[in-house]
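got a structure for you, letters missing:
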Ligand code: FES
């Protein structure tokens, strides 16, 4: 199931935008012109990743500096050990869509 998450033009270049949709927190990124979406909460705690830092293709958690690879969600640095969920994305006009399971 594809759902509209936000407008493409709202997603900042080389940075992150937090979105809350139906009570779920997401992070949307545009890196080198490509769009990515991950869950918005760190898998180590309840920190909001959008309050952290985007460094190239890495998001660094603001609480304990755990790091995740944005395109794949894999852990790039401790103390996080669970990967971050990522979502397939596509563009339709000025809308950024993500694919949810089911
Ligand atoms: Fe993100 Fe601990 S809450 S690294």
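Yes, it's here. All figures in this text were calculated on a predicted structure; none of them were measured in a lab.

quick one: contacts for residue 25?
By CB atoms under 8 Å, 6 or more residues apart in numbering, residue 25 lies in contact with 18, 19, 39, 40, 41, 48. Any C-beta I mention is one placed from the backbone N, CA and C, and that applies to glycine too.

now the helix or strand harbouring it: buried residues?
Assigned by DSSP states H and E, residue 25 belongs to strand 24-31. Buried residues in strand 24-31, counted by 16 or more other CB atoms under 10 Å: 26, 27, 28, 29, 30, 31.

my guess is the fifth one contacts residue 9, does it?
No. With contacts counted by CB atoms under 8 Å, residue 30 stays clear of residue 9, the gap being 9.9 Å.

state the pLDDT value of residue 35.
Per-residue pLDDT puts residue 35 at 97.

okay, and the beta partners of it?
residue 30 (DSSP bridges).

dump the residue contacts of it.
8, 11, 28, 29, 89, 91, 96.

what is the nearest of those to the ligand?
Nearest to the ligand among those is residue 29, at 16.9 Å by CB to the nearest ligand atom.

the closest one reaches residue 36, doesn't it?
Yes. Counting by CB under 8 Å, residue 36 is a contact partner of residue 29 at 4.7 Å.

overlap in contacts of the two?
Listed as contacting both residue 29 and residue 36 by CB under 8 Å, 6+ apart are residue 70.

quick one: which of the contacts of residue 25 is nearest to the ligand?
Using CB to the nearest ligand atom, residue 41 comes nearest to the ligand of those, at 8.5 Å.

for that closest one, which non-adjacent residue is spatially closest?
Sequence neighbours aside, residue 25 is the residue nearest to residue 41 in space, at 5.4 Å (criterion: CB to CB, 6 or more residues apart in numbering).

what bridges to that neighbour?
Bridge pairing for residue 25 (DSSP bridges) gives the partners residue 20.

any idea how far it is from residue 32?
24 Å (CB to CB, to the nearest Å).

residue 45: how many residues sit nearby?
Residue 45 has 12 neighbours, counted by other CB atoms under 10 Å.
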